[in-house]
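S.K.: okay, sequence plus prediction incoming.
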There are 2 protein chains.
Amino acid sequence: MPERVLDIPTPALVVDVAAMDRNVRRMAAFFSTGPCRLRPHVKAHKTREIARRQLAAGGCVGLTCATVSEAEVVAPLGASILLANEPVGSGKCDRLAALARGREIIAAVDSDAGVDELAGAARRAGVRIGVLVDINVGQMRCGVEPGPDAVRLARRVAHTAGLALRGLMGYEGHVQPVADRAERETRARRAMGELVGMAQLLRDAGLPCEIVSGGGTGTYDISGRVDGVTEVQAGSYVLMDSDYGRLDLPFEQAFWVLGTVISRPDPTRCVADCGHKAVTKDHGLPAVRDLEGATVVALNDEHATIALPAGASLQVGDRVFLRPSHTDPTINLHDVFYAIEGDRVVDVWPIAARGYPEHRNGARVR
Amino acid sequence: MPERVLDIPTPALVVDVAAMDRNVRRMAAFFSTGPCRLRPHVKAHKTREIARRQLAAGGCVGLTCATVSEAEVVAPLGASILLANEPVGSGKCDRLAALARGREIIAAVDSDAGVDELAGAARRAGVRIGVLVDINVGQMRCGVEPGPDAVRLARRVAHTAGLALRGLMGYEGHVQPVADRAERETRARRAMGELVGMAQLLRDAGLPCEIVSGGGTGTYDISGRVDGVTEVQAGSYVLMDSDYGRLDLPFEQAFWVLGTVISRPDPTRCVADCGHKAVTKDHGLPAVRDLEGATVVALNDEHATIALPAGASLQVGDRVFLRPSHTDPTINLHDVFYAIEGDRVVDVWPIAARGYPEHRNGARVR
């Protein structure tokens, strides 16, 4: 393990442990009051050590995952895991069912085929898997439309051996990035209102609906205070990015992509070794930290071209810190976090759920 | 190893071996005539087995890499390796120097600091590293401006112990995607004309300039026929993408992202499990294969939302093949290629240079 930030091979991900812990504590404090709890989303960081700190801070009812691999990586922590996604195909349900032996596993469904796959796996493993019916609350991605179809699917779950109907989820993902607070509040409340109304429909039909799960970093304090929402799936708050940084959120930027200047061709620009294989641009180009007026103007595979202000002293070999525009896919490019305190590296955390680790076992070494 | 495509866990990368081999043979045939040779770029695929096939097909003078890790992964093939990038900082030059014990290693420089780092590593390892001076031929990324500064830097290389001045490189990356053939020809010839002119300046100054390296998939048959260009660094041709597919190139799409339909919420759309953690959108959204009228309309972390034509029969559990818009960063998301022939999986190839593998050794398992 390198001792100092200067010794870290670049490009690399660094996390400011103190800033991250402050984010974790702020969110935990919010969810330690009131009936709604936090179920932090692992997809943002894919790192067991970060999930461990989120759980330890309190206010949590368990963890949220988007892939079975994420669930496998955080399973040793023992917490309840919600796969807030439809597990379909290629043995995903069997892998989930295997995890249900040691901890609570809950998964989303929005189709009869999905119910059948999950139930088959639960029966083969001799376990019971919790189920949330996924409701489309306006994101127009997965999810059943609120109404009688959703009641029908929930009833089917409730009557299927191996499954336990636990409630509903509905992710208002389309509302997360809305910068105007008033508009974000209105739209998040409308989406969660649909979800809570749907929960009432289930209960009216005599079906259990203990869990009503939604929300994200942009709406945690809106959706998390809607009466009837029982848990919030926020993830990005723990490390943040410049896209969420546009909003009025009480969380700090806590991770960066560390690069090295490899070229300084003229006074107006330099090139660092952290291109879009190290930091994504799907939410825009990253920003340069600690260098007023410096702007990333292009990202190629292994190059970040940075326009420099007059008189910038950056030289070949100097370090740069880039602030990513999008947490999740940037972290997914890397295998480890270097945990830092000031200039010191205090730990290295494997991003063990990066990518699709299930494939690595199948590969022959050549 | 799964036996059939149907058995591959999704999302996954699949490569049609026959189509890829046809691409490899077409490019090798082009470079088997004429004085200019191919130096296929490993950054596109990061996979030793694919590099092996490229070398075996002939027409090659060696391989091109963008990172030291790529060089380490293909080093066992024994071919000459050009790091077409400036190695600066964090022990990169020492790792390169270690490779120079068993094969020819050539690296790019564009600064005095870069020359010093490389020379220091060569001397510590007791090896000689070849050097190309990187020339800015209009991409405005790395590279010295053509002219006296470049001659000065080349002379410094020639007079530095541990280094051997081999020539010049200049990548006309800005010309690769130009769709209009005539314009692409004009601009590539202009860029390569600057590079060849610069080579003459070196020779006039009494300096060696045996290698003049440039070109890519979009310009291989333009730059590769400019008198004085000795090698072309094309990479994407071997697997292709929809962005290069817009051009008039004789190469076939040879790889896809394989996904599974996890949701079919209504007749007009479905959602597959291959989001932008499985296929990038930096060159646009991927295309759907074998399904006329189907269009990817959104990519989230783990979801591809696909708009469907009327009457589409796609159901939950069905497989989809997405054609990526950008080869390099998409492959960089994955750990293996499933090599397929028709419906059969014939091999699994590790994408061993994915990401920045040097960090994996430094991580403690927690």
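M.R.: Nice, thanks for sending it over.

S.K.: show me where the stretch 251-366 of chain A has its strands.
M.R.: Using DSSP state E, counting those that start in this stretch, the strands of the stretch 251-366 of chain A run over residues A:255-266, A:269-272, A:287-288, A:295-300, A:303-307, A:319-323, A:336-341, A:344-350.

S.K.: out of these, nearest to B:V279?
M.R.: strand A:295-300 (17.6 Å; CB to CB). Using the backbone N, CA and C atoms, a C-beta is placed for each residue, glycine as well.

S.K.: any buried residues in that closest one, and which?
M.R.: By neighbour count on 16 or more other CB atoms under 10 Å in any protein chain shown, the buried set for strand A:295-300 is A:V296, A:A298, A:L299, A:N300.

S.K.: quick check: next helix or strand after the longest helix anywhere in chain A?
M.R.: Using DSSP state H, we find that the single longest helix of chain A is helix A:181-204. Note on helix A:181-204: by DSSP states H and E, the next helix or strand toward the C-terminus is strand A:211-214.

S.K.: following the chain onward from that following strand, which element is next?
M.R.: Scanning forward in sequence from strand A:211-214 by DSSP H and E, the next helix or strand is helix A:220-223.

S.K.: how about the residues of the stretch 201-350 of chain A that lie near chain B?
M.R.: Contacts of the stretch 201-350 of chain A with chain B, taken as CB under 8 Å from any CB of the partner chain, map to A:260-266, A:269, A:271, A:273, A:276-278, A:280-282, A:298, A:300-303, A:305, A:315-317, A:328-329, A:332-336, A:347-350.

S.K.: those, buried ones only, as a PyMOL selection?
M.R.: Buried subset of those, written as a PyMOL selection, criterion 16+ other CB under 10 Å:
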select buried, chain A and resi 260+261+262+263+264+265+269+271+273+276+277+278+280+281+282+298+300+301+302+303+305+316+317+328+329+332+333+334+335+336+347+348+349+350
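
S.K.: find the nearest non-adjacent residue to the residue positioned nearest the centre of chain A, please.
M.R.: Of all residues in chain A, the one closest to the mean position by CA atoms, centre = their mean is A:A44, 2.8 Å from it. Spatial nearest neighbour of A:A44, chain neighbours left out: A:G235 (3.4 Å); criterion: CB to CB, 6 or more residues apart in numbering or on different chains.

S.K.: tell me, how many neighbours does the one you found end up with?
M.R.: Using other CB atoms under 10 Å in any protein chain shown, A:G235 has 24 neighbouring residues.

S.K.: wait, isn't it in contact with A:T217?
M.R.: Yes: the criterion here is CB atoms under 8 Å, and A:G235 meets it with A:T217 at 6.6 Å.

S.K.: give me the common contacts of the two.
M.R.: When CB atoms under 8 Å, 6 or more residues apart in numbering or on different chains defines a contact, no residue borders A:G235 and A:T217 alike.

S.K.: show me the helices in chain A, by range?
M.R.: Using DSSP H, helices in chain A cover A:17-31, A:48-56, A:68-74, A:92-99, A:112-125, A:148-158, A:181-204, A:220-223, A:242-245, A:327-331.

S.K.: kindly export the longest one (C-alpha atoms) in CSV.
M.R.: Written as CSV, here are the backbone C-alpha positions of helix A:181-204 (Å, rounded to 0.1, in the frame of the first residue of the first chain):
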residue,chain,number,x,y,z
ARG,A,181,-36.2,22.7,-5.2
ALA,A,182,-39.9,23.6,-5.4
GLU,A,183,-40.3,21.7,-8.7
ARG,A,184,-38.4,18.8,-7.3
GLU,A,185,-40.6,18.7,-4.2
THR,A,186,-43.8,18.9,-6.2
ARG,A,187,-42.8,16.1,-8.6
ALA,A,188,-41.3,13.8,-5.9
ARG,A,189,-44.4,14.2,-3.8
ARG,A,190,-46.7,13.4,-6.8
ALA,A,191,-44.6,10.3,-7.6
MET,A,192,-44.6,9.1,-4.0
GLY,A,193,-48.2,9.9,-3.7
GLU,A,194,-49.0,7.4,-6.4
LEU,A,195,-46.9,4.8,-4.7
VAL,A,196,-48.5,5.4,-1.3
GLY,A,197,-52.0,5.3,-3.0
MET,A,198,-51.1,2.1,-4.6
ALA,A,199,-50.0,0.7,-1.2
GLN,A,200,-53.5,1.5,0.1
LEU,A,201,-55.0,-0.4,-2.9
LEU,A,202,-53.1,-3.5,-1.9
ARG,A,203,-54.2,-3.2,1.7
ASP,A,204,-57.8,-2.6,0.6
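
S.K.: okay then, goodbye and thanks.
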